[in-house]
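> how would this look folded up:
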Amino acid sequence: MPLHTWLLFLPAVFAINVYPGPNNLMALGNGARRGGRQAFLAAAARLPAFAAMIALVALGLGVVLAASETFFVVLKWIGAAYLVYLGIRMMLAPVDEAAVGRAPAEPLARLARREFLVAATNPKAIVTFTAFFPQFLTPGGEHYVEMAQMGLAFLLLEAVAILIYAGLGSRIGALAGTARRMRLVNRLSGGALVVAGALLALARRPQAV
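Residues are numbered from 1 along each chain as shown. From the prediction side, this is the model:
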């Protein structure tokens, strides 16, 4: 892609990366409760889900899936229910006074699986890729190569966004200091996920271009 196209694409895509969506809210909560390193490693599991969606868009299947009302609705309700479930679990999670400041012994694989599932069950993600990426393709250019380049840039910037949210969450956790404050952090983080789930349930299918 020409340089001027990259100068338009990169800021626009980074705005998408840092938007406080369900995955970023989860990284924030995990950072507060389990530390920045574990939150970052867990959140990295969302990258394969996004990579698969970008590949589908590059192959042309993204248009078909984005245009399917049934696909969108079914995946939307699965994703919304899962977010509400995770949010309620987070709000009700017990906090031991002696455990404050130490990462709970929850397997990293379990946290990573949650991140992957939240990303994979968000139908708005594939619609976003389908509607957004093609706008930056060069007419008559090598579209597969350009999609791969944009996809790689998206994933790299997504990793930066993960680092930001995990680090911010870790800082919030360090400031909490007491079990009472950590319970408040859990309730706020969990409540944010419940709200995200409700908003996803109410979402209409965006129009792909």
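> which of the helices or strands spans the residue positioned nearest the centre of the chain?
Nearest residue to the geometric centre of the chain (C-alpha atoms, centre = their mean): Asn23, 2.9 Å. Secondary structure assignment for Asn23, by DSSP states H and E: helix 22-34.
> and that helix, what does it pack against?
helix 36-43, helix 69-92, helix 108-120, helix 143-176, helix 179-202 (3 or more C-beta pairs under 8 Å, 6 or more residues apart in numbering; DSSP states H and E). Where you see a C-beta, it was placed from the backbone N, CA and C, and this is true even at glycine.
> mean pLDDT for those helices - can I get that in a markdown table?
Shown next, in a markdown table, are the helices and strands packed on helix 22-34 (pLDDT from 0 to 100):
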| stretch | mean pLDDT |
| --- | --- |
| helix 36-43 | 94 |
| helix 69-92 | 81 |
| helix 108-120 | 93 |
| helix 143-176 | 92 |
| helix 179-202 | 78 |
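> deepest of these, which one?
helix 36-43 (a mean of 23; mean count of other C-beta atoms under 10 Å).
> next SSE downstream of it?
Defined by DSSP H and E, the subsequent element after helix 36-43 is helix 46-59.
> now the helices and strands packed on helix 22-34 in CSV, with distance to Ile16?
Below are those laid out as CSV (distance: least, C-beta to C-beta, whole Å):
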stretch, distance to Ile16
helix 36-43, 16
helix 69-92, 17
helix 108-120, 13
helix 143-176, 8
helix 179-202, 16
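> which one of the ones you listed lies nearest to Leu28?
With respect to Leu28, and counting by C-beta to C-beta, the nearest of the helices and strands packed on helix 22-34 is helix 143-176 at 4.2 Å.
> quick check: the residue lying farthest from the centre of the chain vs Trp6, distance?
For the chain, the largest distance from the centre (C-alpha atoms, centre = their mean) belongs to Gly140, which lies 32.5 Å off. Distance, Gly140 to Trp6, by C-beta to C-beta, to the nearest Å: 18 Å.
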